[in-house]
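Novice: structure here, sequence nowhere to be found:
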């Protein structure tokens, strides 16, 4: 299993738009075989940092999702929404291997 962790720098004045963006992506990740662990919005501390985490059975499965999302109409609409609203300033991805007890 591989877990993708995304750290977003967002426009704090467009928190509603970013929340909508996140709610759009949760079922899309699931549509392609991933398990979404949610989006995490600012509460205390920095008001412009948000997080997302989701897992796929393997890095290969994640890469398949990435390729397919580039042509999927629903994914393309989500990408466009983020561009049009400019709710995301930047993001960085990291990948982790979970350890369970």
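Specialist: Thanks, I have it. These numbers come from a predicted model, not from an experiment.

Novice: buried residues in the helix or strand harbouring residue 75?
Specialist: Element membership of residue 75 [criterion: DSSP states H and E] is helix 73-85. Using 16 or more other CB atoms under 10 Å as the test for burial, helix 73-85 gives 75, 78-79, 82. For glycine as for every other residue, the C-beta is placed from the backbone atoms N, C-alpha and C.

Novice: kindly report the same for stretch 12-20.
Specialist: 14-15, 17-18.

Novice: again, but for stretch 28-40
Specialist: Result for stretch 28-40 [16+ other CB under 10 Å]: buried residues 28-29, 32, 34, 36-37, 39.

Novice: could you give the mean pLDDT of it?
Specialist: Averaged across stretch 28-40, pLDDT comes to 96.

Novice: could you pull out the strands for this protein?
Specialist: 2-10, 35-40, 49-56, 88-96 (DSSP state E).

Novice: which stretch among those strands comes nearest residue 24?
Specialist: Of all those, strand 35-40 sits nearest to residue 24, with 10.2 Å by CB to CB.

Novice: any idea how far the closest one is from the chain center?
Specialist: 8 Å (CA atoms, centre = their mean, to the nearest Å).

Novice: what's that strand in contact with?
Specialist: 3, 19, 22-23, 25-26, 29-30, 50-56 (CB atoms under 8 Å, 6 or more residues apart in numbering).
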